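**Q** everything below, folded, please.
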Amino acid sequence: QRACSAVQRAGYSRAEIVALQKPVNITRVQRRRTNATLNLQTLHEITERTRRKTLNLLSLGTRKRKEKHFLEPFTKAKAESVKPHLSRTSILTEES
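**A** Just a heads-up that it's a prediction; the model follows:
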């Protein structure tokens, strides 16, 4: 009540206050839900990893081979764009 009357004194109408409270309340509920489910994140990741490994095992690796085949052009392009790292010893041997 006090916050509402303070906002009304600032020049906002009751309808404007109510209209702005709805998205604020929705965001508050979303934050609560996120905080409540944060502890389940590791369990979810373990479940996904186990599911992926089980499917790979049941398909005798065909899923993984298909995935590697699909990603092959992208990994080759990335490997070609990355320049090899010169170590300090290789720089010293090139100079002498």
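
**Q** where's the residue minimising distance to the centre of the chain, which helix or strand?
**A** In the chain, the C-alpha nearest the mean C-alpha coordinate belongs to Gln41, at 11.7 Å (Cα atoms, centre = their mean). Assigned by DSSP states H and E, Gln41 belongs to helix 41-58.

**Q** what's that helix packed up against?
**A** helix 62-81 (3 or more Cβ pairs under 8 Å, 6 or more residues apart in numbering; DSSP states H and E). (Each C-beta comes from the backbone N, C-alpha and C, glycine too.)

**Q** ok, Asn56 touching Lys66?
**A** No - assessed by Cβ atoms under 8 Å, Asn56 is found out of contact with Lys66, at 10.7 Å.

**Q** between these two, who's got more neighbours?
**A** Shown here are Asn56 and Lys66; by other Cβ atoms under 10 Å, Asn56 has more neighbours (15 against 11).

**Q** and the helix holding Gln41 with helix 62-81, angle?
**A** Between helix 41-58 and helix 62-81, the angle comes out at 110 degrees (axes from the mean of the first three to the mean of the last three Cα atoms, to 10 degrees).

**Q** so how far is helix 41-58 from its chain's centroid?
**A** 18 Å (Cα atoms, centre = their mean, to the nearest Å).

**Q** what lies in contact with that helix?
**A** Applying Cβ atoms under 8 Å, 6 or more residues apart in numbering, the external contacts of helix 41-58 come out as Arg63, Lys64.

**Q** what residues sit buried inside that helix?
**A** Within helix 41-58, no residue is scored as buried using 16 or more other Cβ atoms under 10 Å.

**Q** any idea of the mean pLDDT for it?
**A** Averaging pLDDT along helix 41-58 yields 90.

**Q** low-confidence ranges in the protein?
**A** Applying pLDDT under 70 to the chain picks out residues 1-4, 82-96.

**Q** and the longest helix anywhere in it with helix 41-58, angle?
**A** In terms of residue count, the longest helix belonging to the chain (DSSP state H) is helix 14-37. If you take the same axes, to 10 degrees, helix 14-37 sits at 60 degrees to helix 41-58.
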